[in-house]
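1. Quick one: sequence and predicted model below, then my questions.
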Amino acid sequence: MKPIKEIIRQDIQAMSAYHVSTVPTGCVKLDAMESPYDFPEAMQNQLSNLLSKSPIRLYPHIAIDDFLPQLRDTFAIPQSTAIALGNGSDELIQFITMLVARKNAKVLSIEPTFVMYKHNANLFGMEYIGVPLNQDFTINPKQLLDEIEKNQPDLIFIAYPNNPTGTRYSHEDVEKIIQAATGLVVIDEAYGAFSSDSFLPQAGSCEHLLVLRTFSKIGFAGLRIGYVSGSASVINELNKILPPYNMNQLSLTAAKYALKHIDWINDNITRLKMEREIMFSALEDIESITVFPSEGNFLTIRVPDAKACFDELLRQGFLVKNLHGNHQLLENCLRITIGKQQDNSIIIQILQKMYR
Ligand SMILES: Cc1ncc(COP(=O)(O)O)c(C=O)c1O
């Protein structure tokens, strides 16, 4: 038998795994844009009851399940739009990439952005073109349109708002990208619930446009539910390659319960958006901190020394994301997920103390 090193692809051996932080005991986890809110006890009990009755001996059958109509109603996804479900939007990013992965195919995105776009392009042997943002994390539409014209990418990913910068580009600029695109365009609205704009109403109206969303950032990262809306001509092809039973009965049961309580979800979103603005104003007042406008459930800040700031926050019980070293535009940047009000105010105090 050949040694494993000769069996497994060299390029995969050269990759590093997606980094998932270990959370020290008692630490508040603010590194991955998870919601800080659990269901209240009465709702937890109702959900336990439903989960115990979930038909786990059967494979899920999405076509006859109530979930898709409920999803469509709750988020006003146009009736003409086709929907595919993924085990997290990560899975959909992977399979959408696979749809166009052939020799010499190209994926284009804006850098820095969500790392999985590039990861999947590499995994499927495609060329990845990362067009840099401006220093202030705004988009350079002219450069983007030039790169699209020059490279004719088969697939474009736009995180709207962007992770890890929080930037929500102008609708008009993104519209120009969609118009100029020669291949598929995925508008990844993982943070769409916290944003003032969305392409969801346009999903399905243009054959090449896909709008990707997730349950992860609105309270249910553990359920692993993502959905993509688009034209039937693309979604039907995607459904051919998605694993037949990629969703599971327990998370579908929990997701259906969650959507019945959309008011509770929306209240949490409103609260987090308010908290984000409070934190933004407080941090903006600290001269040695740059805080970037964000339409996600997180703020990206630049501090004099990201490592020292990360360590101090961790010492005081808060795990955030140190972005320094991920991209040259992210020098000394930290990304802080918006948490509960009391945690956000302690973080503000720590930063005020460090940098005033
Ligand atoms: C822009 C963006 N898209 C997709 C994802 C993946 O989300 P999911 O949990 O649905 O796989 C993330 C997660 O951080 C993200 O930031």
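-> Structure received.
2. Spell out which parts of the stretch 51-200 of the chain neighbour the ligand.
-> Within reach of the ligand by CB under 6 Å from any ligand atom, the stretch 51-200 of the chain has these residues: 88, 89, 90, 114, 159, 163, 188, 190. All C-beta spots, glycine's among them, are computed from the backbone N, C-alpha and C.
3. most neighbours, which of those residues?
-> residue 188 (30 neighbours; other CB atoms under 10 Å).
4. doesn't residue 109 make contact with that one?
-> No. Residue 188 is not in contact with residue 109 according to CB atoms under 8 Å; the separation is 9.4 Å.
5. what's the overlap in contacts for the two?
-> Common neighbours of residue 188 and residue 109 (criterion: CB atoms under 8 Å, 6 or more residues apart in numbering): 157, 158, 159.
6. what sits opposite the spatially closest residue to the second one that is not a sequence neighbour in the beta ladder?
-> Take residue 158 and drop its neighbours on the chain: the residue closest to it by CB to CB, 6 or more residues apart in numbering is residue 187, 5.4 Å away. Per DSSP bridges, residues listed as beta-bridge partners of residue 187: residue 158, residue 211.
7. Residue 34: how many residues sit nearby?
-> Residues near residue 34, counting by other CB under 10 Å: 17.
8. which SS class is it?
-> With DSSP: H, G, I helix; E, B strand; the rest coil as the basis, residue 34 sits in coil.
9. For the residues of the stretch 51-200 of the chain next to the ligand, could you give me CSV that also reports secondary structure?
-> Shown next, in CSV, are those (three-state DSSP):
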residue, secondary structure
88, coil
89, helix
90, helix
114, coil
159, strand
163, coil
188, strand
190, coil
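10. and of the shared contacts of residue 188 and residue 109, the nearest to the ligand?
-> The closest of the shared contacts of residue 188 and residue 109 to the ligand turns out to be residue 159 (CB to the nearest ligand atom; 4.0 Å).
11. Quick one: residues contacting the residue nearest to that closest one when sequence neighbours are not counted.
-> Closest residue in space to residue 159, ignoring its immediate chain neighbours: residue 188 at 4.6 Å, by CB to CB, 6+ apart. Neighbour list for residue 188: 89, 93, 114, 157, 158, 159, 160, 212 [criterion: CB under 8 Å, 6+ apart].
12. backbone phi and psi for the third one, please?
-> When read as degrees, to the nearest 10, the backbone of residue 114 gives phi -60, psi 130.
13. isn't it right up against residue 165?
-> No. Under the criterion of CB under 8 Å, residue 114 is not in contact with residue 165, lying 10.6 Å apart.
14. Identify the spatial nearest neighbour of residue 11, chain neighbours not counted.
-> That would be residue 122: by CB to CB, 6+ apart, it lies 7.0 Å from residue 11.
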